[in-house]
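Asker: Just the structure for this:
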Amino acid sequence: MTKRNLRNLDAVEEDYFRKHPEEMDDYIQEIFADYAQDRNAPALLASLRVIAKVKGMSNIATEIGLTRRGLYKALSAQGNPRFDNINALMHSFGYQLMPEKIDGPA
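Answerer: Prediction:
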């Protein structure tokens, strides 16, 4: 039996965004829109991890004041990053966290 080298979804996404960095802005908008709908924090963290890997995990970690390992841990499925870490991460991506009014009752 021949062993096949299969890539996981994160690896496929990383490869895609390395080849198409111009699509990363739309991806960031989409992952936060998805999070607003389903509140699936592990999925959001996984997507942020993909972006961080594409942009350079070590450089991003240094820029936001974490170790590379600390950033991986914060963005893991079991991660529970502090708000200021997510804010710093988004700044390193060139974004700021801004509230957006939702339709319907508060």
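
Asker: Name the spans of the protein whose pLDDT lies under the cut-off.
Answerer: 1-2, 105-106 (pLDDT under 70).

Asker: in it, which residue is closest to the centre?
Answerer: With distances taken as Cα atoms, centre = their mean, L48 lies nearest the centre of the chain, 0.4 Å away.

Asker: Please identify the helix or strand for it.
Answerer: Taking DSSP states H and E as the criterion, L48 maps to helix 41-55.

Asker: who does that helix touch, helix- and strand-wise?
Answerer: Counting contacts by 3 or more Cβ pairs under 8 Å, 6 or more residues apart in numbering; DSSP states H and E, helix 41-55 packs against helix 9-19, helix 24-38, helix 68-74, helix 83-92. From N, CA and C alone the C-beta is placed, and that goes for glycine too.

Asker: what residues does the last one touch?
Answerer: In this case it means helix 83-92. 48, 52, 55, 60, 63-66, 71, 74, 81, 96-97 (Cβ atoms under 8 Å, 6 or more residues apart in numbering).

Asker: for the second one, same thing?
Answerer: Helix 24-38 is touched from outside by 17, 40-41, 43-44, 47-48, 51, 54, 93, 95, 102, with contacts defined as Cβ under 8 Å, 6+ apart.

Asker: thinking again about what came up before, kindly reformat the helices and strands packed on helix 41-55 as a markdown table and extend each row with mean neighbour count and distance to K3.
Answerer: Formatted as a markdown table, the helices and strands packed on helix 41-55 follow (neighbours: other Cβ atoms under 10 Å; distance: least, Cβ to Cβ, whole Å):
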| stretch | mean neighbour count | distance to K3 |
| --- | --- | --- |
| helix 9-19 | 13 | 17 |
| helix 24-38 | 13 | 32 |
| helix 68-74 | 17 | 27 |
| helix 83-92 | 16 | 36 |
